[in-house]
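Participant: Provided below for reference: sequence and predicted model.
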Amino acid sequence: QVQLVESGGGLVQPGGSLRLSCAASGFTFSRYTMSWYRQAPGKERELLAGITTAGGTTNYADSVKGRFTISRDNTKNTVYLQMNSLEPDDTAVYYCRAASTPRGTRTYWGQGTQVTVSS
């Protein structure tokens, strides 16, 4: 049974930090590229960051570049999103996504974790 379980969300003040985790099971994690998305109320789901299978290449949306860092630990089947300098506009539900290589024909999503940035 495939599972992606996000954790680490919560309420944080502007300027604060959070570290999200996404624990994977039920598939060969090291063969999947991983990504983080978010969806704010009334908005489309937005791709934030991606990381290749071995972690050698990462990419980021302009909206989070320089503030967020994606990483993975293939020994723990976990992908992370370190979020710094959080802003109220970062408030959203955050999701991780797995895509098979090389063509992404199989994709899996987590259930999401809420991040709220507010004073």
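Facilitator: Now that the structure is in, tell me what you want to look at.
Participant: residue nearest the centroid of this structure?
Facilitator: Note on the chain: the residue nearest the mean C-alpha position is residue 36, at 2.7 Å, using Cα atoms, centre = their mean.
Participant: contacts only, for it.
Facilitator: The contact partners of residue 36, by Cβ atoms under 8 Å, 6 or more residues apart in numbering, come to 20, 22, 47-50, 68, 70, 79, 81, 94-97. To be clear about C-beta, it is placed using only N, CA and C from the backbone, and glycine gets the same treatment.
Participant: which of the residues you listed sits closest to residue 116?
Facilitator: Proximity of the contacts of residue 36 to residue 116 was ranked by Cβ to Cβ; the top entry is residue 94 with 10.9 Å.
Participant: wait, what's in contact with that closest one?
Facilitator: If a contact means Cβ under 8 Å, 6+ apart, then residue 94 has 6, 9, 20, 36-38, 48, 81, 112-115 as its contacts.
Participant: distance check, residue 107 against residue 74.
Facilitator: Residue 107 sits 19 Å away from residue 74, taking Cβ to Cβ, to the nearest Å as the criterion.
Participant: quick one: which of the contacts of residue 36 is most hemmed in?
Facilitator: For the contacts of residue 36, the largest number of neighbours (other Cβ atoms under 10 Å) sits with residue 79, at 31 neighbours.
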